[in-house]
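Visitor: I would like the atomic coordinates for the input below:
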Amino acid sequence: MTEPSKNIVIVGGGFGGSTVARELRARLPESHMLILISEESYLTFNPLLPEVVGASIFPEQVVAPLRQMLNLSGASRFIMGHVVAIDRAAKTVTCSSLAGETVVPYSELILAFGNRGSPRSNSSTIPNGDVCSATSWSLVVASQASRWRANSPTT
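Guide: Numbers count the residues shown, from 1 in each chain. Presented below is the predicted three-dimensional model:
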């Protein structure tokens, strides 16, 4: 794995996480590594699910494999797993996958896990999460991406 000071870790492979990953991947300096952690290896386009139920389109038309969609290769890595711990002091994310537990060091951490781990569904997931809403977490993801883009080193 690369140096911890060079890892940008994104937790969540939904709309927010995949969009941030795609944008950062296009601007990523060679010295940095992008790591996407998601419980699923695909992105589901939920607005079209009623069309699948009505048999207007095929199920495979509403899902996109994350690895293929984001073209994760080279300085990028995809981990299909569940985040079990975040150590802010050590700047590490611990995730559980079929390969076992993995500790991933990071320099920048972006939480884009949507409503699954949002404060509304489980306020113990994030400190002070009970005072935030899912919308505010979307804004956190967007602001983190903008801040990193503005402060990113040029190659």
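
Visitor: only C-alpha atoms for contact and neighbour calcs from this point on.
Guide: OK.

Visitor: quick one: what helix or strand has Val9 in it?
Guide: Using DSSP states H and E, Val9 falls within strand 7-11.

Visitor: what's in contact with that strand?
Guide: 17, 21, 32-38, 83, 105-113 (CA atoms under 8 Å, 6 or more residues apart in numbering).

Visitor: ok, now stretch 26-42?
Guide: 2, 6-13, 17, 21, 24-25, 63-67, 75-83, 149, 153-155.

Visitor: show the average pLDDT along the strand holding Val9.
Guide: The average pLDDT for strand 7-11 rounds to 92.

Visitor: next SSE after that strand?
Guide: Next along the chain after strand 7-11, taking DSSP H and E as the criterion, comes helix 15-27.

Visitor: relative to strand 7-11, how tilted is that next one?
Guide: For helix 15-27 against strand 7-11, the angle by axes from the mean of the first three to the mean of the last three CA atoms, to 10 degrees is 160 degrees.

Visitor: in this protein, what helix or strand scores lowest on average pLDDT?
Guide: helix 134-151 (a mean of 49; mean pLDDT, DSSP states H and E).

Visitor: sec struct for Ala85, please.
Guide: strand (DSSP: H, G, I helix; E, B strand; the rest coil).

Visitor: and Ala85, how far is that from Gly54?
Guide: Using CA to CA, to the nearest Å, one gets 40 Å for the distance from Ala85 to Gly54.

Visitor: neighbour count winner among these two?
Guide: Between Ala85 and Gly54, counted using other CA atoms under 10 Å, Ala85 has the larger neighbour count: 13 against 9.

Visitor: my guess is that one contacts Ser96, does it?
Guide: No. Here Ala85 lies out of contact with Ser96, judged by CA atoms under 8 Å, at a distance of 9.4 Å.

Visitor: check Val93 and give its pLDDT.
Guide: On the pLDDT scale, Val93 gets 94.

Visitor: number of nearby residues for it?
Guide: For Val93, using other CA under 10 Å, the count is 20.

Visitor: can you list the buried residues in the host helix or strand of it?
Guide: Using DSSP H and E, Val93 sits in strand 92-97. Buried residues in strand 92-97, defined by neighbour count with 16 or more other CA atoms under 10 Å: 92-96.

Visitor: contact partners of it?
Guide: Counting by CA under 8 Å, 6+ apart, 79-87, 101-106 sit against strand 92-97.

Visitor: and which of these is nearest to Pro59?
Guide: Lowest distance from Pro59 to the contacts of strand 92-97 (CA to CA) belongs to Met80, with 21.4 Å.
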